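J.: sequence and predicted structure, then a few things I'm wondering about:
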Amino acid sequence: MEINDFVNLIANIGFPVATSAYLLIRLEKQIIGLTASINKLNTIISTKLGIVIDTAENNKIA
């Protein structure tokens, strides 16, 4: 394998992997915040309606 082949391999595969990892790490904080907001909203709605919603299953992250 020549050096040009190696550079092309890094450019074609390394950049998309690095970009995807960066975006996943950055979006993780937003996803956690949205999950917390949904759980709060779920609690408020269930309190207003007078029903009990099992939150143990809602807190699991797949």
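T.: Perfect, thanks for sending it.

J.: show me where the chain has helices.
T.: 3-9, 15-49 (DSSP state H).

J.: and the last one, what does it pack against?
T.: With contacts taken as 3 or more C-beta pairs under 8 Å, 6 or more residues apart in numbering; DSSP states H and E, helix 15-49 sits against no other helix or strand. Every residue, glycine included, has its C-beta placed from N, CA and C.

J.: in JSON lines: the helices of the chain, plus mean neighbour count and mean pLDDT.
T.: Formatted as JSON lines, the helices of the chain follow (neighbours: other C-beta atoms under 10 Å; pLDDT from 0 to 100):
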{"stretch": "helix 3-9", "mean neighbour count": "10", "mean pLDDT": "82"}
{"stretch": "helix 15-49", "mean neighbour count": "11", "mean pLDDT": "91"}
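
J.: contacts only, for the residue nearest to the spatial centre of the chain.
T.: What sits nearest the mean C-alpha location of the chain, by C-alpha atoms, centre = their mean, is residue 28, with 4.1 Å. Contacts of residue 28 were listed using C-beta atoms under 8 Å, 6 or more residues apart in numbering, and none were found.
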